[in-house]
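> Fold the following and give me the result.
(one chain, ligands or ions: 1)
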Amino acid sequence: MNRRPARPPRSHPPRRSSGPARPPVDDPARRAALDTIRAVRADDAYANLVLPKLLRERRLSTRDAALATELAYGTCRAWGLLDEVLAACVDRPLSKVEPPLLDALRLGAYQLLRTRIPAHAAVAATVDLVRADLGSRVTGFANAVLRRVAENDEDAWLDRLAPDDPIGNIAARTAHPHWIARAFADALGTTGEELAAALRADDERPAVHLVARPGELSAEELAALTGGDPAPYSPYGVRMEAGAGDPGDLPPVRENLAGVQDEGSQLCALALTRVPVDGPDERWLDLCAGPGGKAALLGALVGINGGTLDAVEQAPHRARLVEQSTAGMPVTVHVADGRDCGLEPGFDRVLVDAPCTGLGALRRRPEARWRRQPSDVGDLTKLQRELFTAALELVRPGGVVAYVVCSPHLAETEGVVSDVLRKTGATQLDAREFFPGVPDLGAGPAVQLWPHRHGTDAMFCALVRR
Ligand SMILES: C[S@@+](CC[C@H](N)C(=O)[O-])C[C@H]1O[C@@H](n2cnc3c(N)ncnc32)[C@H](O)[C@@H]1O
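Residues are numbered from 1 along each chain as shown. Take a look at the predicted model:
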């Protein structure tokens, strides 16, 4: 959204009296939402870590917790759109509005534009929060700005503010930065309805997927124990309804008979194991293993046939998580840089689940779309190429490497693969064969999954034989 419109006509809302600050308002849902938004802005916090903690500590009722969640996550997702609308309603640059006041205005604007809360209630409740936090000196300003926001609904604001070019327009209408909408358009090969569907899927709450530990229990048994349904594509997957509670509390997960893992991640790890290899098939490697979701699936599978998995992770605290998730499996965890891990080459299968922008999992982190920057891509693709190249040096001739990222950005996906293939002479396989039963996999040879097509994160998987 880069086209600034003319300021909408001003109304002159009645001024509220500006007396002394009132005592704190009793509005636990909006209070928790506002405190979350502030932590995201001021401390670079993650909304989905801050809010659940606040809800627990403050013991919000189920109803208040649901409202706080809707308001906090919704505001974080729509952040850039809300700022565009607010900028059109404030008579100075937003950078000149004191940040805690701006946080409250974002929360108020979100209620006005994207919820069914009546406008008078959204304005009054937000002004009450402003008064409680900042005193009465700014309540008149907050009231006036929010009344200006309320003069139009979201569509009418977008008709004024959204650029005309197709990508900019869809980016604005789905509240995404332009560069992310452009990256999705490039990967999908369209600026039409499918692009809008892919971007809108980032606003949806993902279903929770569980993975049954192979050799311990089947997906059907896990579904029966948890009340979920066997997942559509992964033979080890179980799908729980969104909002079904904390999956970490489920007994099979607590007992490490199952894990919480997106079905797309399961499918990419499984694809690596499904490629036929001649000769031995007992030494597997996970070169970027933390926190250990795929390592646990690979470790359980290789263990069934008497093999072993080496799991490399650079960050010590994440390596400890790998140790926990693979406890009892034939897995050795190494804290090392995957580009130079010092392990003996000759692995039969290697997974490179490389660090990436995470543009394929934006639905999991409400604020992520506004925090990531296009400038992140260059450093990441360099690291991705180096890790992928290292994997090809560690795999034996005839062995197989899976290059996986949770992003559809072409620089991180096709760009990295074509560079590495050119430099190493390795052979790319048609990965679609190793995602049996999964529809809409495109033209290959790599696989790109999508939330709006497959209900998974937007995982990318290329399979390469040395
Ligand atoms: C996308 S995550 C891997 C997710 C993991 N495979 C799973 O399924 O749970 C990438 C991981 O690579 C690690 N990492 C980053 N740079 C690395 C490097 N140079 N060598 C090894 N690991 C690295 C990060 O700390 C992070 O844990």
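> right, and Val316 touches Ala336 too?
For residue 316 the amino acid is Pro, not Val. No. With contact defined as CB atoms under 8 Å, Pro316 does not reach Ala336; the gap is 10.4 Å. C-beta: built from backbone N, CA, C; applies to glycine.
> For the two, indicate the residue with more neighbours.
Between Pro316 and Ala336, counted using other CB atoms under 10 Å, Ala336 has the larger neighbour count: 16 against 9.
> Next one: the more buried one relative to the ligand, how far apart?
7 Å (CB to the nearest ligand atom, to the nearest Å).
> Flag every residue of the stretch 301-450 of the chain that's near the ligand.
Residues of the stretch 301-450 of the chain found near the ligand (CB under 6 Å from any ligand atom) are Val312, Glu313, Gln314, Ala315, Arg318, Asp337, Gly338, Arg339, Asp353, Pro355.
> Now do the same for the last one: helix, strand or coil?
Applying DSSP: H, G, I helix; E, B strand; the rest coil to Pro355 yields a three-state assignment of coil.
> Please apply the same query to the first one.
Following three-state DSSP, we place Val312 in the strand state.
> Contacts only, for the closest residue to Glu70 other than its chain neighbours.
Spatial nearest neighbour of Glu70, chain neighbours left out: Thr115 (7.0 Å); criterion: CB to CB, 6 or more residues apart in numbering. By CB atoms under 8 Å, 6 or more residues apart in numbering, the residues touching Thr115 are Glu70, Leu71, Gly74, Ala122.
> The lengthiest strand in the chain packs against which elements?
Using DSSP state E, we find that the single longest strand of the chain is strand 395-405. Applying 3 or more CB pairs under 8 Å, 6 or more residues apart in numbering; DSSP states H and E, one finds that strand 395-405 makes contact with helix 263-274, strand 347-353, helix 376-394, helix 416-424, strand 460-465.
> how about these in TSV, adding mean neighbour count and mean pLDDT?
Formatted as TSV, those follow (neighbours: other CB atoms under 10 Å; pLDDT from 0 to 100):
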stretch	mean neighbour count	mean pLDDT
helix 263-274	25	98
strand 347-353	25	98
helix 376-394	19	98
helix 416-424	17	98
strand 460-465	25	98
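> Tell me which residue in the stretch 101-250 of the chain sits closest to the ligand.
Nearest to the ligand in the stretch 101-250 of the chain, going by CB to the nearest ligand atom, is Val211, at a distance of 10.4 Å.
> can you tell me which residues contact Ser281?
Not Ser; residue 281 is Asp. The contact partners of Asp281, taken as CB under 8 Å, 6+ apart, are Asn305, Gly307, Asp348, Arg349.
> Would you verify that it is located in a strand?
No. Asp281 is assigned coil when assessed by three-state DSSP, not a strand.
> What about it? Give its phi and psi, please.
Per-residue torsions, Asp281: phi -150, psi 60 (degrees, to the nearest 10).
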